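J.: coords please:
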Amino acid sequence: MTKDNDTISARLARFAGELRPEDIPASVLERAKYLILDAVGIAWASTHFDFAHRSLSALTELSAGQGDTPVIGLAHRLQPRDAMLANGLLVHGLDFDDTHAPGVIHATASCLPSALGVAGLADLDGRSLLAAYVAGVEVSTRLGAVAKGGFHQVGFHPTGLIGTFGCALIAGRLLGLTGKQLEDAQGIALSVASGSLEFLQDGAWTKRMHPGWAAVAGYTAATMARHGFAGPRQPYEGRFGLFPSHLGALMDKADLSLATEGLGKHWELPVVSVKPLPACHFTHASADAAAILRDKHGLKLCDIESVRVLVPGEVVKTVCEPVATKQRPQNSYDAQFSIPYTVATGLLRGSFGLQHLEDAALQDEEVIALAHKVKYEVDPNSPFPRYYSGEVIVTTTDGRELRHREEVNRGASDRPLSGADIEKKFLGNATLAASSARAQQLLETVLTLDSAASARALAQAFAR
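T.: You can find the predicted model right below:
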């Protein structure tokens with residue numbers, strides 16, 4: 001329902017504030033639980049890695065050693081906002097979390113920490129948590145889609161930047177804000193939303209904190225609005241609103257109607273893709289194509305003269321440049337955003353998994369040597385952003401040309417991972433840090449979360 005002279009924030013406020021759990025199709029609610037299951041498993045897996053514990057040390061200091069809010073996969077307790085930041089960091093830290101392709105956004109990584117944290121603070125039940133999470137994903141994915149991939153071209157990360165607005169509405173809904181207050185929360189979010197892609201230059205860790213920071217910023221914005229703090233009325237379309245200020249010349253390609261089109265009737269959550277590989281989604285089709293070529297032809301380093309990879313032009317800045325660090329990643333984050341490394345790994349090792357982010361794998365001189373033979377070309381037939389396609393063309397030392405194209409990346413909405421696939425992925429991730437029995441218990445808890453009487457108890461159940 002729209003009204004004359006409606007702002008985007010007014011329409012989103014009505015949707016987020018008025019959506020009832022019974023208005024959400026059962027299939028959407030079921031898929032939402034599987035997206036949350038995927039996220040919880042990744043968070044547990046992240047606790048196996050150094051970045052999680054360095055981050056926890058900082059957040060424990062910020063919490064002044066006090067707090068009673070659980071953190072997924074850990075025994076520590078933090079202040080509520082610090083726990084939201086930690087949970088987002090853990091879900092997104094391995095770059096293994098879900099992606100909405102049209103919005104180019106990892107929505108669950110911010111929406112789950114927001115919904116879990118605020119529902120716990122408000123002492124609500126699991127059904128309320130799940131409905132708020134769905135509302136946040138619907139808003140975040142639509143807002144991301146408006147830019148049509150433009151944010152990445154100008155150096156902004158939608159997961160942090162856009163995620164803040166979705167989290168402001170999640171928090172506002174769970175805190176019982178009025179429609180006007182929900183509008184104010186979005187206006188306030190405009191001044192605290194952030195997310196830079198500068199980490200791509202050197203493999204810095206900052207991307208990992210973007211979704212958790214979005215949850216923190218969204219909760220902050222909603223709380224300020226709850227107490228009467230006024231926000232701008234047109235945070236999206238205004239003269240200095242989100243899209244004009246951040247997209248610049250690319251604003252001409254944006255479509256503001258996508259922010260509210262089909263709200264409550266057409267659901268974006270089922271379009272969200274679950275990742276089969278722990279790397280930037282832009283690399284998946286190419287990495288899979290490389291592995292398929294290896295399986296079909298039994299390729300070895302000595303067989304390969306050169307490799308060309310056809311990629312969407314929109315992803316070049318993210319996974320193909322700067323060439324030097326893509327061909328020889330300096331750390332795991334460089335590797336996860338590298339077409340040369342993921343393709344070389346697929347061609348020589350037959351897959352790309354968490355084991356290929358370990359230090360020993362990054363020093364694999366055979367893979368590095370092949371990565372230096374991998375060149376990229378812009379694919380003139382790319383279906384981006386609907387799909388993140390990839391085509392690998394290998395020229396062999398005996399003059400053959402071998403090629404394979406993945407038009408639709410595995411895990412995309414038209415080629416989705418099933419519930420059983422997600423359960424298998426979850427168990428593989430969770431058991432990096434938990435026993436098989438504990439992982440199975442977690443799985444059952446997540447898939448029945450909408451029947452839980454207490455979001456606080458859920459948060460405790462997700463922790464160690």
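J.: could I get the full set of strands for the stretch 1-150 of the chain?
T.: Ranges of strands in the stretch 1-150 of the chain, per DSSP state E, counting those that start in this stretch, are 69-70, 77-78.
J.: check the stretch 351-464 of the chain too.
T.: Counting by DSSP E, counting those that start in this stretch, residue ranges of the strands within the stretch 351-464 of the chain are 374-378, 390-396, 401-406.
J.: who are the neighbours in contact with the residue nearest the centre of the chain?
T.: The structure's the chain has its C-alpha centroid closest to His106; by C-alpha atoms, centre = their mean the separation is 2.1 Å. Applying C-beta atoms under 8 Å, 6 or more residues apart in numbering, we find His106 in contact with 92, 97-100, 159, 163, 211. Yep, even glycine has a C-beta here, placed from its N, CA and C like the rest.
J.: so of the strands of the stretch 351-464 of the chain, which one's packed in deepest?
T.: Stretch with highest mean neighbour count among these: strand 390-396 (a mean of 22; mean count of other C-beta atoms under 10 Å).
J.: what angle separates that one from strand 401-406?
T.: Angle of strand 390-396 versus strand 401-406, following axes from the mean of the first three to the mean of the last three C-alpha atoms, to 10 degrees, is 170 degrees.
J.: re the thing from before, keep only those of the contacts of His106 that are in helices.
T.: Among the contacts of His106, the members found in helices (DSSP state H) are 92, 159, 163, 211.
J.: farthest pair within those residues?
T.: His92 and Gly163 (9.9 Å; C-beta to C-beta).
J.: more crowded one of these two?
T.: Neighbours were counted for His92 and for Gly163 using other C-beta atoms under 10 Å; Gly163 has more, 38 against 28.
J.: mind listing what that one touches?
T.: 105-107, 109-111, 140, 193, 195, 210-211, 214-215, 218.
J.: any shared contact partners between His92 and Gly163?
T.: Common neighbours of His92 and Gly163 (criterion: C-beta under 8 Å, 6+ apart): 106, 109, 210-211.
J.: may I ask which of the residues you listed has the most neighbours?
T.: With neighbours taken as other C-beta under 10 Å, the top of those is Pro211, carrying 38 neighbours.
J.: that one reaches Ser114, doesn't it?
T.: No - here Pro211 lies out of contact with Ser114, judged by C-beta atoms under 8 Å, at a distance of 9.2 Å.
J.: check what pLDDT the closest residue to Gly212 other than its chain neighbours gets.
T.: Nearest residue to Gly212, sequence neighbours excluded (C-beta to C-beta, 6 or more residues apart in numbering): Gly88, at 2.5 Å. If you check Gly88, the pLDDT there is 98.
J.: residue ranges with poor pLDDT in the protein?
T.: Counting by pLDDT under 70, the chain contains low-confidence residues at 1-5.
J.: one more pass at 90, please.
T.: 1-5, 65-66, 200-203, 333, 385-386, 413 (pLDDT under 90).
J.: give the contact list for the residue located most distally from the centre of the chain.
T.: The C-alpha centroid of the chain is most remote from Asp398, which lies 42.0 Å away (C-alpha atoms, centre = their mean). Neighbour list for Asp398: Asp303 [criterion: C-beta under 8 Å, 6+ apart].
J.: distance of it relative to Val307?
T.: When C-beta to C-beta, to the nearest Å is the yardstick, Asp398 and Val307 sit 15 Å from each other.
J.: cool, and Thr397?
T.: Applying C-beta to C-beta, the value for Thr397 to Val307 is 12 Å.
J.: so the two - more neighbours on which side?
T.: Val307 (26 against 10).
J.: what's near enough to touch the closest residue to the more buried one other than its chain neighbours?
T.: Leaving aside its sequence neighbours, Val307 sits nearest to Val374 (C-beta to C-beta, 6+ apart; 4.5 Å). Neighbouring residues of Val374 by C-beta under 8 Å, 6+ apart: 307-309, 327, 339-340, 343-344.
J.: so which of the residues you listed comes closest to His152?
T.: Ile339 (15.0 Å).
J.: so the closest one touches Glu321, yeah?
T.: No - using C-beta under 8 Å, Ile339 is not in contact with Glu321, being 9.7 Å away.
J.: state the distance from the closest residue to Arg208 other than its chain neighbours to His210.
T.: Once flanking residues are discounted, Arg208 sits nearest to Gly93: 4.6 Å by C-beta to C-beta, 6+ apart. In this view, Gly93 and His210 are 11 Å apart by C-beta to C-beta.
J.: adding distance to Ser418, write the contacts of Gly163 out as a markdown table.
T.: As requested, the contacts of Gly163 are exported to a markdown table (distance: C-beta to C-beta, whole Å):
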| residue | distance to Ser418 |
| --- | --- |
| Ile105 | 23 |
| His106 | 21 |
| Ala107 | 20 |
| Ala109 | 22 |
| Ser110 | 25 |
| Cys111 | 22 |
| Ser140 | 24 |
| Ala193 | 34 |
| Gly195 | 31 |
| His210 | 29 |
| Pro211 | 25 |
| Ala214 | 29 |
| Ala215 | 29 |
| Gly218 | 31 |
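J.: which one of those residues is nearest Ile292?
T.: Minimum distance to Ile292 across the contacts of Gly163 is 26.1 Å, recorded for His106 (C-beta to C-beta).
J.: next one: the nearest residue to the closest one once chain neighbours are set aside from Ser191, what distance?
T.: Nearest residue to His106 in three dimensions, chain neighbours excluded: Thr159, at 4.4 Å (C-beta to C-beta, 6+ apart). Thr159 is 18 Å from Ser191, where distance means C-beta to C-beta.
J.: neighbour count: those two, which is higher?
T.: Between Thr159 and Ser191, counting by other C-beta under 10 Å, Thr159 is the more crowded of the two (30 against 13).
J.: quick check: the more buried one touching His210?
T.: Yes - between Thr159 and His210 there is a contact under C-beta under 8 Å: 5.2 Å.
J.: domain assignment for the protein?
T.: 8-276+435-462, 281-406 (automatic domain parsing).
J.: on that earlier part again, for Ala221, see how far away the residue nearest to Gly212 is.
T.: In terms of C-beta to C-beta, Gly88 sits 16 Å off from Ala221.
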